[in-house]
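Colleague: build me a model:
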Amino acid sequence: MANKNYEIENALQIIELLEKYIHAENEPEQNEILQKLRNTNRDAYKLITKQNYNPKALITKLKKAIKLDEYRPKNLSIISFAVNEDLDYTHGDFDTFDPKLSHMFKNNAAPDTIRERFEQGIKNINLLAKQFT
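Modeller: Numbers count the residues shown, from 1 in each chain. Predicted coordinates for the structure are as follows:
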């Protein structure tokens, strides 16, 4: 039996519901879809209804989060990862999720300054050393 990634399946359901919501022709139809969204994922429902998040933007971010799922921090849900401001800075196995560090790298900051910032972000260096050796 293959392991299923239920969070990814849930994100795909959210995307499907949001696409239906965008194309709904009237308010009762939208409300019905919102109720299904609420039952599927309360965080996505709150983003759309309470925080007025753009459904198209959420679809785009969810698709990107699904592609980057293997790099998602274990303490973030897929929906939290999708709306996280650091999503665009996620690129590979060893990602710091530190936008300031990323900006320093892009702006060619001094290597010592980058190294200091990097060391501040590593709290469990022993665990990381074991994991990556």
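Colleague: can you give me the helices in the chain?
Modeller: Counting by DSSP state H, the chain has helices at residues 6-23, 27-40, 42-49, 55-67, 78-83, 99-106, 111-121, 125-131.
Colleague: mean pLDDT for the ones you listed: which is lowest?
Modeller: When these are compared by mean pLDDT, helix 125-131 comes last with a mean of 57.
Colleague: got a list of contacts for stretch 4-23?
Modeller: By Cβ atoms under 8 Å, 6 or more residues apart in numbering, the surrounding residues in contact with stretch 4-23 are 30, 33-34, 36-37, 40-41, 44, 48, 55-56, 58-59, 62-63, 65-66, 69, 77-79, 82. (Each C-beta comes from the backbone N, C-alpha and C, glycine too.)
Colleague: my error: substitute stretch 58-71 in the last question.
Modeller: Applying Cβ under 8 Å, 6+ apart, the contact partners of stretch 58-71 are 5, 7-8, 11-12, 14-15, 18-19, 44, 47-48, 72, 78-79, 81-83, 87, 90-93, 95.
Colleague: just the buried residues of those.
Modeller: With neighbours counted by 16 or more other Cβ atoms under 10 Å, the contacts of stretch 58-71 contain buried members at 7, 11, 14-15, 18, 44, 47-48, 72, 78-79, 81-83, 87, 90.
Colleague: and the furthest pair within those residues?
Modeller: Using Cβ to Cβ, those span at most 23.4 Å, a distance reached by 48 and 90.
Colleague: residue 49 touches residue 34, doesn't it?
Modeller: Yes. In this structure, residue 49 sits in contact with residue 34. The criterion is Cβ atoms under 8 Å, and the distance is 6.5 Å.
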